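Undergrad: got a sequence here, can you build the structure:
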Amino acid sequence: MAVDRKPKKWKMAIIVWIAIVPLIFTIMPFFKPRLIALGLNPIVVELLLTTVLVILMVYVAQPLLMKLFKKWLNK
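TA: Numbering: from 1, shown residues only. Below is the predicted model:
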C-alpha cells in the first residue's frame, strides 16, 4: 500500500514561484494599463488583478504543475 506523503515546503515554494511569476509578468503589464485607461482607480485595479492572479494560481496553474511535478514532489 502506497503512502501519500506531503511534499516538502521548499518544493511547494518552488512550484508556487514557477506558477506565479509568469502569471504576474503577463497579466499585470497587459491588463493594468488598459484598466487604468478606462478610468478605474489604480488601487481597485491592483485588487482586481491580484484576485484574478490568485484564482488562476489556485485553480489552474498550481494543479497543473502539481501533476507535472508529482514524482519530484513526492521524492
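Undergrad: was I right to think M57 contacts A19?
TA: Yes - between M57 and A19 there is a contact at 5.6 Å, judged by C-beta atoms under 8 Å. For every residue, glycine as well, the C-beta is placed using N, CA and C.
Undergrad: so where do the strands sit in this protein?
TA: For the chain, strands defined by DSSP state E do not occur.
Undergrad: state the mean pLDDT of the longest helix seen in it.
TA: Looking across the chain with DSSP state H, the single longest helix is helix 9-37. Taken as a whole, helix 9-37 carries a mean pLDDT of 95.
Undergrad: list the contacts for F69?
TA: Applying C-beta atoms under 8 Å, 6 or more residues apart in numbering, we find F69 in contact with 11, 15.
Undergrad: local confidence estimate at it?
TA: Note for F69: predicted pLDDT of 96.
Undergrad: now L48
TA: With respect to pLDDT, L48 has a value of 97.
Undergrad: and M1, by the same measure?
TA: 50.
Undergrad: if you count what's nearby, which of M57 and A19 comes out ahead?
TA: A19 (21 against 17; other C-beta atoms under 10 Å).
Undergrad: residue contacts, that one?
TA: Contacts for A19 were tallied using C-beta under 8 Å, 6+ apart; they are 57, 61-62, 65.
Undergrad: that one and L65, how far apart?
TA: Distance of A19 to L65, computed by C-beta to C-beta, to the nearest Å: 5 Å.
Undergrad: quick check: closest non-adjacent residue to K11.
TA: L73 (5.4 Å; C-beta to C-beta, 6 or more residues apart in numbering).
Undergrad: just to check, the one you found is in contact with I15?
TA: Yes - the pair L73 and I15 passes the contact test of C-beta under 8 Å, sitting 7.2 Å apart.
Undergrad: spit out the residues that contact those two alike.
TA: With C-beta under 8 Å, 6+ apart, L73 and I15 have common neighbours 7, 66.
Undergrad: what's stretch 48-68 in contact with?
TA: Under the contact criterion C-beta under 8 Å, 6+ apart, stretch 48-68 has outside partners 15-16, 18-20, 23-24, 27-28, 31-32, 35, 40, 73.
Undergrad: nothing else from me, thank you.
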